[in-house]
Each structure stands twice: as structure tokens, then as C-alpha cells.
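Q: Sharing a model that was predicted from the sequence below.
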Amino acid sequence: MHEFRPHHIPPAPGGMSRRRFLGGLAALGGALLVPSRVLASSTAPASLASGHGERRLSFVHTHTGERLATTYWGDGEYLPGELTRVNDFLRDFRTGERHAIDPALLDQLHELGQALAATAPFQVISGYRSARTNAALRASGGGQASHSLHMRGQAIDVRLADVSSASIRDAALELGRGGVGYYRGEDFVHLDTGRTRHW
């Protein structure tokens, strides 16, 4: 990489002063360094990009019986206190361990709920899974992936009381936000924010 030297700067266009031109370059460089999380709203799906409404989700946990209703987005940003509540609710219920849940996963659920006109809460079969839990489930023949996105807070297994799991699968495939797995026998759908794929 070449060292940046002042004399490598091209002449300022249109008679612009050197100082003003350098200031413009500095502003551009600063914009390029903005963290991707801050820019999330500008790269959000078109259906979410308007930004200043509210995004709500309701859950019931099939293992613990706990319920959560949350407005996790409002006034153009994710609400940290509500994200913490989501992290608590979607903890590894076997060990109590918690992990940050990817907000894009919540957006995916929000979009699905709207697309399906669902009124029932999402029934959660599995949210975050610790490495220990994932290994134990694999050892018992559950078929869990060794590097499951559940261990990174990027996956959830759900169903809805008022919409068939097959319809959830179809809507999720239409959205194309990440991985979609359909488990007909167990009647649930796996959703994640990894690469787009399905099984």
C-alpha cells in the first residue's frame, strides 16, 4: 500500500480551494467508516425502509410457557431495552445462557407476520442455543448442525396457531431473507439470517 502524501491529491475541481477539497475528502472517508449497524436502516428491505413506524412481535415459548409482546423498533431505531427483553426471552432455556439475537431475525419475523396477516403470537420451539446444548442435542441424534446459527443468535424455530407451517415456509421463501427449513413432522419452520437456502 502506498503511503498517502499531500502531493498525490489531484487538483481541486472548478477552482475549489485546496482546504475545501481536503475537507470534502475527509467527510467522504468518515462516511465510509460508519459501522454497518448504523447504516442498517438504509439497507433494510423496502418494506421496512420507511423507518419511523413501529415494529411489534408477540411470542409464546412452547417449553417454558412464557409470553412476550414487544415493540422492538420505534422512531427509526432498534430499542435497546426491548432487544434485551428479546434476548432474555429467547435464551437457552435449558442452561439459562443468553446471547444477543440478530435484529434482522426479528425483522424477518415481523415481515412474515405482516405478509401472512397472522394475529397469533409466534410459538417458539428454539431460539438461542448454547454450544453445550447444541452438542448434547447432536449427541442424542437430533440432527442439529455442528455450527448451528442458533448458537450465534441468528436462528429461530417457530410455528403459528392461525397459519400453517407450510404457509410460513412459503412466505419465508418468497421473502428470501436467509435460511428456511421446513419440518413437516414436528410442525415448525426454521428461520435464520445466514445465506439464502432451504431444506
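A: That came through, no problem. Quick caveat, the model's predicted, so the values are computed rather than measured.
Q: How about the residue most central in space within the chain: what's its closest non-neighbour residue?
A: Nearest residue to the geometric centre of the chain (Cα atoms, centre = their mean): Ala104, 1.9 Å. Nearest residue to Ala104 in three dimensions, chain neighbours excluded: Thr193, at 4.7 Å (Cβ to Cβ, 6 or more residues apart in numbering). In this view, the C-beta of every residue, glycine as well, is placed from N, C-alpha and C.
Q: sorry, back to before: pull up the per-residue confidence for the residue nearest to the centre of the chain.
A: What the model reports as pLDDT for Ala104 is 98.
Q: Wasn't it part of a helix?
A: Yes: the assignment for Ala104, made by DSSP: H, G, I helix; E, B strand; the rest coil, places it in a helix.
Q: And it, how far from Tyr183?
A: Between Ala104 and Tyr183 the computed distance is 22 Å (Cβ to Cβ, to the nearest Å).
Q: go on, Ala155?
A: 13 Å.
Q: Likewise for Arg85?
A: Distance from Arg85 to Tyr183, by Cβ to Cβ: 27 Å.
Q: now Leu173
A: The value you get for Leu173 to Tyr183, if Cβ to Cβ is used, is 15 Å.
Q: next helix or strand past the lowest-mean-pLDDT helix or strand in the chain?
A: The helix or strand of the chain with the poorest confidence is helix 18-32; it has a mean of 41 (mean pLDDT, DSSP states H and E). Downstream of helix 18-32, the next assigned helix or strand under DSSP states H and E is strand 54-61.
Q: So which residues make contact with that following strand?
A: For strand 54-61, contacts defined as Cβ atoms under 8 Å, 6 or more residues apart in numbering pick out 48, 66-74, 86, 89-90, 93, 106-107, 109-110, 113, 120-124.
Q: ok now do the closest residue to Glu82 other than its chain neighbours, which residues does it touch?
A: Excluding its sequence neighbours, the residue lying closest to Glu82 (Cβ to Cβ, 6+ apart) is Tyr72, at 4.3 Å. Tyr72 sits next to 55-57, 78-79, 82-83, 86, 103, 106 when contact means Cβ under 8 Å, 6+ apart.
Q: what do you get if the cut-off is 10 Å, keeping everything else the same?
A: 54-57, 78-83, 85-86, 101, 103, 106-107, 109-110 (Cβ atoms under 10 Å, 6 or more residues apart in numbering).
Q: Can you pull the phi/psi pair for it?
A: Geometry field for Tyr72 lists phi and psi as phi -90, psi -10, criterion degrees, to the nearest 10.
Q: And for Gly127?
A: phi -110, psi -120.
Q: That one reaches Arg94, doesn't it?
A: No: counting by Cβ atoms under 10 Å, Gly127 stays clear of Arg94, with 11.3 Å between them.
Q: the more surrounded of those two?
A: Gly127 (25 against 13; other Cβ atoms under 10 Å).
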